[in-house]
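In: Fold the following.
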Amino acid sequence: MRIRRSVSQVFAVSVIPAIAIAITAYFGYYTVAGPRGLLALGEVSRQLSIEQSRLATLQADNGRLKHRIDLLKPGHADPDLIEEIVRDQMIDSAPGEIAVPRKGHEAGP
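Out: Numbers count the residues shown, from 1 in each chain. Next up is the predicted model:
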């Protein structure tokens with residue numbers, strides 16, 4: 001009986017530290033090698049820099065388009081921009097005018 005009690009005491013005393021070690025190992029593994037762990041940090045940083053450069057490009061395009069929209073507002077429309085848009089959309093805009101199609105505007109079948 002005394003041996004049984006000492007075995008159960010050793011078991012009871014070692015269960016809590018074993019559970020604590022298992023939980024620590026579980027979270028430690030995912031901290032280092034998990035999908036959001038330290039090993040994935042380099043890849044995430046690389047993707048972030050790519051997306052930031054893409055964002056800068058899109059913001060520049062957005063600024064350019066806003067400027068073109070401002071040039072088309074009624075009352076102070078830019079005549080050169082209006083002529084450019086007309087020529088772009090209607091290649092045969094005036095009689096006697098020769099239009100040279102640009103890339104993407106070739107004549108269809």
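In: where does this protein have its least confident helix or strand?
Out: helix 79-89 (a mean of 78; mean pLDDT, DSSP states H and E).
In: Determine how far that one lies from the middle of the whole chain.
Out: Helix 79-89 sits 34 Å away from the centroid of its parent chain (Cα atoms, centre = their mean, to the nearest Å).
In: cool, stretch 49-58 as well?
Out: Counting by Cα atoms, centre = their mean, stretch 49-58 comes out at 8 Å from the chain centroid.
In: how about it as CSV, C-alpha atoms only?
Out: C-alpha atoms of stretch 49-58 as CSV (Å, rounded to 0.1, in the frame of the first residue of the first chain):
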residue,chain,number,x,y,z
SER,A,49,7.2,45.3,-49.7
ILE,A,50,5.8,44.1,-53.0
GLU,A,51,2.3,45.2,-52.0
GLN,A,52,3.5,48.6,-50.9
SER,A,53,5.2,49.2,-54.3
ARG,A,54,2.0,48.1,-56.0
LEU,A,55,0.0,50.5,-53.8
ALA,A,56,2.3,53.4,-54.7
THR,A,57,1.8,52.6,-58.4
LEU,A,58,-1.9,52.5,-58.0
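In: The host helix or strand of V15 packs against which elements?
Out: Per DSSP states H and E: V15 is located in helix 2-33. If you count contacts as 3 or more Cβ pairs under 8 Å, 6 or more residues apart in numbering; DSSP states H and E, helix 2-33 packs onto no helix or strand. Just so you know, the C-beta spots here come from the backbone N, C-alpha and C atoms, and that holds for glycine as well.
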